[in-house]
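**Q** Predicted model follows, preceded by the sequence.
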Amino acid sequence: MTGPVLFRTKQIDSKAMEGTRSPTKVQFTAYEQMFGFFNRRLFGGGLPACLLNFSRKAKTYGFFAPQRWKHEDAKEVRHEISLNPASLRTRKPIDVASTLVHEMVHLWQQECGRPSRTGYHNAEWAAKMDEVGLTPSSTAAPGGARVGQAVSHYIAAGGRFAEAFAAMPSKFLLPWSCEEPEEGQGKKPPSRNKVKYTCSGCATNVWGKPGLSVVCGDCQETFEEGT
């Protein structure tokens, strides 16, 4: 009679398993958890659920879009908060999180306050930013304008946001970052495949590769290379 067959159980590497999971589910689960964490810590859990999104929008780290999504069956409308994926790789996690909270303040104002025209950061919004630990500034540094159409922020040292971020579980950080460069970064300067030549007599222009020797057929003058 043979003895029992023994099977060796292989220990599962949780990090290796992470790669087999849906990146969409992993990314947006962390996204929702981070939103929920700051909602509880900084807004008393009073913000309504919104549609969290990633959107490429020039010259911005994120934006709030009121009443952007409609559910056809439930007949309800939800707001949107989007982060720019092109900035996730180059910015620190705390700065990405601060952008999320910046947009959550817009969400708070939409639901509980009196927002101004689209995109304008008014005094009520600025006061709420101070309350949650982000200081409004058009330059993202001390001394910038607190209100206006284009207003960023910087993190107040020892403020509520800084304390909340320090206490936030690391699993709420966005695990995936986008590898594309931000706008204006990583672009090669345009090559000079063609240059303009101007006739010194009649001012006629032609284009060709650099270094050509060109003579005008009308006035027999030499074309001069320009830029």
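**A** It's in. Numbers count the residues shown, from 1 in each chain.

**Q** Quick check: buried residues in the host helix or strand of Gln109?
**A** Per DSSP states H and E: Gln109 is located in helix 93-112. Buried residues in helix 93-112, counted by 16 or more other Cβ atoms under 10 Å: 93, 96-110. The way it works is simple: take the backbone N, C-alpha and C, and place the C-beta from them, glycine included.

**Q** Phi, psi for the spatially most central residue of the chain please.
**A** The centroid of the chain falls nearest to Asn84 when counting by Cα atoms, centre = their mean (2.1 Å). Per-residue torsions, Asn84: phi -80, psi 110 (degrees, to the nearest 10).

**Q** doesn't Lys196 fall inside a helix?
**A** No: under DSSP: H, G, I helix; E, B strand; the rest coil, Lys196 falls outside any helix and is assigned strand.

**Q** Go ahead and confirm it touches Thr204.
**A** No: using Cβ atoms under 8 Å, Lys196 is not in contact with Thr204, being 10.8 Å away.

**Q** Break this structure down into its structural domains.
**A** As given by automatic domain parsing, the domain ranges for the chain are 21-172, 195-225.

**Q** just the ones you listed: most buried one?
**A** Between the domains of the chain, domain 21-172 has the highest mean count of neighbours, a mean of 16, where neighbours are mean count of other Cβ atoms under 10 Å.

**Q** secondary structure element for Leu212?
**A** Using DSSP H and E, Leu212 falls outside every helix and strand.

**Q** how near is the residue nearest to it when sequence neighbours are not counted to Cys216?
**A** Spatial nearest neighbour of Leu212, chain neighbours left out: Tyr197 (6.7 Å); criterion: Cβ to Cβ, 6 or more residues apart in numbering. Remark: distance between Tyr197 and Cys216 (Cβ to Cβ, to the nearest Å) = 10 Å.

**Q** shared neighbours of the two, which are they?
**A** Phe223 (Cβ atoms under 8 Å, 6 or more residues apart in numbering).

**Q** Report the residue spans of this protein with pLDDT below the cut-off.
**A** 1-20, 181-192, 201, 227 (pLDDT under 70).

**Q** So Lys25 belongs to a helix, correct?
**A** Yes: with three-state DSSP as the criterion, Lys25 is located in a helix.

**Q** mind listing what it touches?
**A** Applying Cβ under 8 Å, 6+ apart, no residues contact Lys25.

**Q** State the distance from it to Glu32.
**A** 11 Å.

**Q** Identify the residue nearest Tyr120 in space, chain neighbours excluded?
**A** Gln149 is the one closest to Tyr120 (Cβ to Cβ, 6+ apart), at 5.5 Å.

**Q** now do Pro115
**A** Gln109 (4.9 Å).

**Q** hang on, isn't the one you found packed against His121?
**A** No: taking contacts as Cβ under 8 Å, Gln109 lies outside contact range of His121: 9.5 Å.

**Q** would you put the C-alpha positions of the one helix or strand Asn39 maps to in CSV?
**A** Using DSSP H and E, Asn39 sits in helix 23-43. Only the C-alpha atoms of helix 23-43 are listed here, as CSV (Å, rounded to 0.1, in the frame of the first residue of the first chain):
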residue,chain,number,x,y,z
PRO,A,23,-5.0,47.6,-14.7
THR,A,24,-8.3,49.5,-15.1
LYS,A,25,-9.7,47.9,-12.0
VAL,A,26,-6.5,48.4,-10.0
GLN,A,27,-6.1,52.0,-11.0
PHE,A,28,-9.7,53.1,-10.5
THR,A,29,-10.1,51.2,-7.2
ALA,A,30,-7.2,53.2,-5.8
TYR,A,31,-8.6,56.3,-7.3
GLU,A,32,-12.0,55.8,-5.6
GLN,A,33,-10.4,54.9,-2.3
MET,A,34,-8.3,58.0,-2.4
PHE,A,35,-11.4,60.1,-3.1
GLY,A,36,-13.3,58.5,-0.4
PHE,A,37,-10.5,58.9,2.1
PHE,A,38,-10.2,62.7,1.6
ASN,A,39,-13.9,63.0,1.5
ARG,A,40,-14.1,61.6,5.0
ARG,A,41,-11.0,63.3,6.4
LEU,A,42,-11.5,66.8,4.9
PHE,A,43,-15.2,67.1,4.0
